[in-house]
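Colleague: pasted the sequence and its predicted model underneath.
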Number of protein chains: 2
Amino acid sequence: MTIPLDPKHPGRPARPERTGPASASPSDQLTDAPDEDRRARITWSLIAEPGDSVALMARSVCGPAEALSLAREGTDSDLLSRLGGTLPADAAAPSPGTQTLRARRALGRWRARLASVDVEAVLEEAGRRRIRIITPADGEWPMPLDDLQATAPHCLWLQGPGTLGTLVADRSIALVGSRASTPYGEDAAGSFGADIAVRGGTVVSGGAYGIDAAAHRGALAVPDGATIAVLAGGLDRLYPRGNTELLERIRERHLLVSEAPPGTAPTRWRFLARNRLIAALSQAVVVVEASWRSGALSTARLADELSRPVGAVPGPIGSAASAGCHRLIRERGAVLITEPADILDLLPGGPASGESGYAVQDELDLLSPADRRVLDAVPPRSSLSRARIAAEIGFDPAEVEAALARLCLLGLVEMTGELARRARSAR
Amino acid sequence: MTIPLDPKHPGRPARPERTGPASASPSDQLTDAPDEDRRARITWSLIAEPGDSVALMARSVCGPAEALSLAREGTDSDLLSRLGGTLPADAAAPSPGTQTLRARRALGRWRARLASVDVEAVLEEAGRRRIRIITPADGEWPMPLDDLQATAPHCLWLQGPGTLGTLVADRSIALVGSRASTPYGEDAAGSFGADIAVRGGTVVSGGAYGIDAAAHRGALAVPDGATIAVLAGGLDRLYPRGNTELLERIRERHLLVSEAPPGTAPTRWRFLARNRLIAALSQAVVVVEASWRSGALSTARLADELSRPVGAVPGPIGSAASAGCHRLIRERGAVLITEPADILDLLPGGPASGESGYAVQDELDLLSPADRRVLDAVPPRSSLSRARIAAEIGFDPAEVEAALARLCLLGLVEMTGELARRARSAR
């Protein structure tokens, strides 16, 4: 079977059948008769792994519904020819083999799941749990996800009162890091999270132990502070279990997000695929603590690929929990972050670094070099004559006199006749 | 009076009357009849401040002896015309005024000192203290000082058994930082200093409290570890007093260096001028701890101007003592340093970063993505059949079988018939 190119079926449906965002109740959305595109995307989410790049490309090239027909009834050569004869680098199944063999394997794994998947049952269960589904046809779909191009998720599963598109439209900052964090890193994550929330931003993180949890908690500690957790598994299984209460609070007040349908276990592979969503849903990614090979570094790399600015928080050089951050700064051009203002500086249109609180100069900085030299020559706890000062530093006595006059005006030097002494404030 | 251009008197004398380095005893060198160039340089060192850029340029343009004649007998217009009509930006006396007025002031300050200076007495006193003097005519003069061009010191005053040119010829590293250091910074300075010494390098620093002292001490703790202290004042006054014992040890085993003659007090101005020598005498400058406006940042800036690589050690983000280091990394492109190998990486021809000890990958990093996914699917504390693993991750059973075989070979998985479980080492 050969599926012809059909201009009436682009990847994104021409009919903008956008469902209302948070105002419509989740169960309402699910009882809408889903159109073909929406239903195909949900099916793809059920039969293909998040990292299945052949599935993602097939959907992107053919559109969700046609790609699904291919998955159901196409041959390996149908799939191959439809994708231009070459499958994308496939992280999901990179075993060696001819293109035809790889196409056959892809069809094989999709069909194995198609045979057992029950879309209606999954939708019903999701509706019962008030888990809703958005696709690019929905107004709540965040435009930044389009930056993922062919690897954009088929759909997203959401749970909570927040509106995803609104939450990540402005000042959405990913704060990520190691599960094996230190109190130092947790303090930083918590205070940065709170500060971003105070400034009206959204803290995006992965709901994990350690840095993720501290960042979420920092945002939740602020009244109306916004935070979303992007999970690797299905939203029916809050993972890790020890963060159940935290994730429930996020679900009650804001939003949980996953591209995996309910029932999906959070495996390491899915965590790595999930990281691209954290990067795409954020305007900047800050790694707070990360060991030398932390998964947070993959989020940073993905952010870099998406042209999202990346920051990293330094720590004590002996701390293994900061080694990945130091690596990011040293080798990958991450911006060194020491305070929340540094994070906002990462954003396009963020405040200038002058807001950082360090830019204030004291009067000593404003002195001319000559005046500083004269001030230096005035002893801290005794007096010296103008002539002695001039001789000591090799200046004209007239120069010294003029400098001393300026220093007196600034309150740095006191004169008694010819004798100069430091003012108390300048010692 | 107009001093004509005389090709027989370039800035550096044509006769290479090089005195022997450390082998000749200091007093021998001082009893050599100093040639005109040498004596003129010593006189300049006595009458002009280290930062007197008009003096430095006059010496550079006219040669030391002719410049000294100008200082003694020239008019302001002689000086101006000899320097091409424009005096260099003069940090030593930047008061406003016409070029003529500035030339007059320069002549005035030199003559005030010429009137009272007694070169013979200074040389005698220096000889008595075994302080020796080197100029560019000496074999011990370090070539890297030439990078300072017109601001190279007139001469250097040295005390100790070390040979300056040899000490800084290879792997000379400046470790600098705040006097107001923390135990964290002192630990880093000490261990970096020791490590540089172990690897045959020379630790260059300023002999101050805090980071400087810790860096010197680290090098001294290593048998034959080399370190030199570049001081802002005369070598007859070891400053600060609290470091007298440390500086005496450096003087006994290695070398103290200053461009200021004996009798010079260490004022802040002279510290800033001294910093250019630390930068020039080093192949790389590492700031270990520095507050937001530490003088160590000026050393880093001067190093940058001399094309010396600059590194900075990060610290806890709440530590004011690390704020300057973070600023250097964030705003000025300093390389983040966490271990001694990072410092050697700064040097041209230094070891590749692979020596850093972090580059070793464990076997998990070497797995193909497919094998990693299969490993992920093998439960840590129970068994799972091949078929269940294939279903869980959507792989062909044949793919799973091949992956499990590889994982068994690597010792990561154990098979019992159809059932796979994690090897103890891979949990």
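Modeller: That came through, no problem.
Colleague: contact partners for whatever residue of the stretch 101-250 of chain A ends up closest to chain B?
Modeller: Of all residues in the stretch 101-250 of chain A, the one sitting closest to chain B is residue A:109 (4.1 Å; CB to the nearest CB). Where C-beta positions appear, they are placed from N, C-alpha and C, glycine not excepted. Taking CB atoms under 8 Å, 6 or more residues apart in numbering or on different chains, we find residue A:109 in contact with A:48, A:52, A:93, B:394-396.
Colleague: count the neighbours of residue A:66 for me.
Modeller: If you count neighbours by other CB atoms under 10 Å in any protein chain shown, residue A:66 ends up with 22.
Colleague: and the helix or strand harbouring it, which residues are buried?
Modeller: Element membership for residue A:66 (DSSP states H and E) is helix A:64-73. Neighbour-count burial for helix A:64-73, with 16 or more other CB atoms under 10 Å in any protein chain shown as criterion, is recorded at A:64-68, A:70-71.
Colleague: stretch A:105-112 now?
Modeller: Going by neighbour count (16+ other CB under 10 Å), the buried part of stretch A:105-112 is A:105-110, A:112.
Colleague: what does stretch A:182-198 give?
Modeller: In stretch A:182-198, counting by 16+ other CB under 10 Å, buried: A:182, A:184-198.
Colleague: show me what the helix holding residue A:66 is packed against.
Modeller: Applying 3 or more CB pairs under 8 Å, 6 or more residues apart in numbering or on different chains; DSSP states H and E, one finds that helix A:64-73 contacts helix A:36-47, helix A:53-62, helix A:76-82, helix A:99-114.
Colleague: re the thing from before, also near chain B: which of the buried residues of stretch A:182-198, exactly?
Modeller: Residues of the buried residues of stretch A:182-198 in contact with chain B (CB under 8 Å from any CB of the partner chain): A:184, A:188.
Colleague: for the closest residue to residue A:302 other than its chain neighbours, what are its contacts?
Modeller: Distances taken as CB to CB, 6 or more residues apart in numbering or on different chains place residue A:279 nearest to residue A:302, at 4.1 Å, with adjacent residues excluded. Neighbouring residues of residue A:279 by CB under 8 Å, 6+ apart: A:174, A:285, A:299, A:302-303, A:305-306, A:308.
Colleague: again with residue A:403
Modeller: A:370-371, A:373-375, A:395.
Colleague: in the sheet, who's paired with the closest residue to residue A:167 other than its chain neighbours?
Modeller: Among residues not flanking residue A:167 along the chain, residue A:202 sits closest, at 4.8 Å (CB to CB, 6+ apart). When assigned by DSSP bridges, residue A:202 has beta-bridge partners residue A:172, residue A:226.
Colleague: got a list of contacts for the helix or strand hosting residue A:196?
Modeller: Assignment of secondary structure by DSSP H and E places residue A:196 within helix A:183-198. Under the criterion CB under 8 Å, 6+ apart, residues A:171, A:173, A:175, A:177-178, A:181, A:202-203, A:210-212, A:214-219, A:221-222, A:224-227, A:286, A:288-289, A:313, A:315-316, A:319, A:321-322, A:337, A:340, A:343, B:316-317 lie in contact with helix A:183-198.
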